[in-house]
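**Q** Quick one: sequence and predicted model below, then my questions.
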Amino acid sequence: MPSTTYEKLFYQALRIRLVEERIIDLYPSDKIQSPVHLSIGQEAVAVGVCQPLRETDWLFGSYRSHAFYLAKGGDLRSMFAELYGKLTGGSQGKAGSMHLTAPEVGFMGSSAVVASSIPHAIGAALAAKRLQKDQLVVAVFGDGATEQGVYHESLNFAALHQLPVILVCENNQLAVHSALEARQSYSILDHAKTYGIPTSKVLEGYDLVKVQTAFADVVQQVKRSQAPHWIEIQTYRYKEHVGPGDDYAAGYRSLQTLHDWQARDPLLLDQALVERFKPAIVKEIDDAVAFAEASPVPGREHLLTDVI
């Protein structure tokens with residue numbers, strides 16, 4: 001089992017990658033009843049952000065949320081059952097990949113609507129402040145979410161009311177097939193500063209320890225100040241926007257960029273740790289897949305349950 005901080009982070013990141021590689025293997029069978037947005041290449045962000053958080057701290061994610069669900073402590077069996085559309089899934093098969101949730105460990109849900117989880121996090125932080133709860137709230141979003149009106153309204157509200165919220169921009173420089181420079185005339189980081197919110201930036205979004213250290217510092221700052229903080233972490237998704245495949249033939253990005261990120265990827269470089277940890281992780285994944293396969297499908301009687 002992992003012992004050092006690096007090994008613990010590495011284990012969690014490798015677990016996420018192997019889970020998503022299993023999803024890729026299963027996807028052509030059509031057993032997974034949901035579109036999937038994979039986080040392969042971005043695992044260090046999720047594990048680095050979640051490691052300093054407590055179960056009682058809440059995190060709201062985007063539709064690309066497998067990594068954050070797992071890093072925050074979401075149950076793997078429940079996740080696979082949800083992807084399969086089975087009754088034993090976290091939302092009884094109704095939510096699928098883009099709306100994973102595990103409130104029992106503080107993963108408060110994700111949404112397919114770009115930027116929509118940000119105001120949820122702001123509202124949760126407002127409640128935490130008014131109820132005087134010892135709780136941090138984290139909102140995770142991509143660079144494309146910064147183009148939405150609700151993002152700007154949320155930053156303004158968080159700053160105005162000095163809320164204990166951490167805003168995490170998981171910047172992979174892409175919105176579907178559109179590069180950052182084709183969409184934005186502003187600097188994401190500089191713009192956030194205009195609201196008077198303290199900001200941080202991590203360029204090495206592949207570095208497990210650097211992400212964890214930087215985010216742990218932010219957590220301590222927000223605990224002391226009980227005010228918002230905004231952090232940008234640069235990263236890169238290896239796979240297509242949605243689905244299990246590669247899309248470099250589409251021409252909107254280059255293989256050279258992929259190779260540059262892979263050349264610094266600890267999950268590719270540290271094969272000794274991969275070989276050490278992989279057997280236990282694969283066994284866990286096998287168990288979760290078998291659980292999902294054997295789980296019952298929802299019946300008519302479940303169609304409208306938990307629907308408001």
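**A** Noted; the coordinates are in hand.

**Q** what's the first-to-last distance across stretch 137-156?
**A** 16 Å (C-alpha to C-alpha, to the nearest Å).

**Q** wait, I meant stretch 168-184
**A** For stretch 168-184, the end-to-end distance is 18 Å (C-alpha to C-alpha).

**Q** who touches whichever helix in the chain runs longest?
**A** The longest helix of the chain (DSSP state H) is helix 271-294. Helix 271-294 is contacted by residues 2, 7, 10-11, 14-15, 18-19, 22, 26, 31, 76-77, 79-81, 83-84, 86, 88-89, 267 when judged by C-beta atoms under 8 Å, 6 or more residues apart in numbering. Placement of C-beta: from N, CA and C, glycine included.

**Q** just the CA coordinates of the helix or strand residue 8 falls within, formatted as PDB?
**A** Assigned by DSSP states H and E, residue 8 belongs to helix 5-26. C-alpha atoms of helix 5-26 as PDB (Å, rounded to 0.1, in the frame of the first residue of the first chain):
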ATOM      1  CA  THR A   5       2.300  11.600   0.200                       C
ATOM      2  CA  TYR A   6       3.500  11.100  -3.400                       C
ATOM      3  CA  GLU A   7       2.600   7.500  -3.400                       C
ATOM      4  CA  LYS A   8      -0.900   8.100  -2.000                       C
ATOM      5  CA  LEU A   9      -1.500  10.700  -4.600                       C
ATOM      6  CA  PHE A  10      -0.100   8.500  -7.300                       C
ATOM      7  CA  TYR A  11      -2.300   5.500  -6.200                       C
ATOM      8  CA  GLN A  12      -5.400   7.700  -6.400                       C
ATOM      9  CA  ALA A  13      -4.500   9.100  -9.800                       C
ATOM     10  CA  LEU A  14      -3.600   5.700 -11.200                       C
ATOM     11  CA  ARG A  15      -6.900   4.300  -9.900                       C
ATOM     12  CA  ILE A  16      -8.800   7.000 -11.800                       C
ATOM     13  CA  ARG A  17      -6.900   6.300 -15.000                       C
ATOM     14  CA  LEU A  18      -7.400   2.600 -14.800                       C
ATOM     15  CA  VAL A  19     -11.100   3.100 -14.100                       C
ATOM     16  CA  GLU A  20     -11.500   5.300 -17.200                       C
ATOM     17  CA  GLU A  21      -9.400   2.900 -19.300                       C
ATOM     18  CA  ARG A  22     -11.900   0.100 -18.300                       C
ATOM     19  CA  ILE A  23     -14.700   2.400 -19.300                       C
ATOM     20  CA  ILE A  24     -13.100   2.700 -22.700                       C
ATOM     21  CA  ASP A  25     -12.900  -1.000 -23.000                       C
ATOM     22  CA  LEU A  26     -16.500  -1.500 -22.000                       C
END
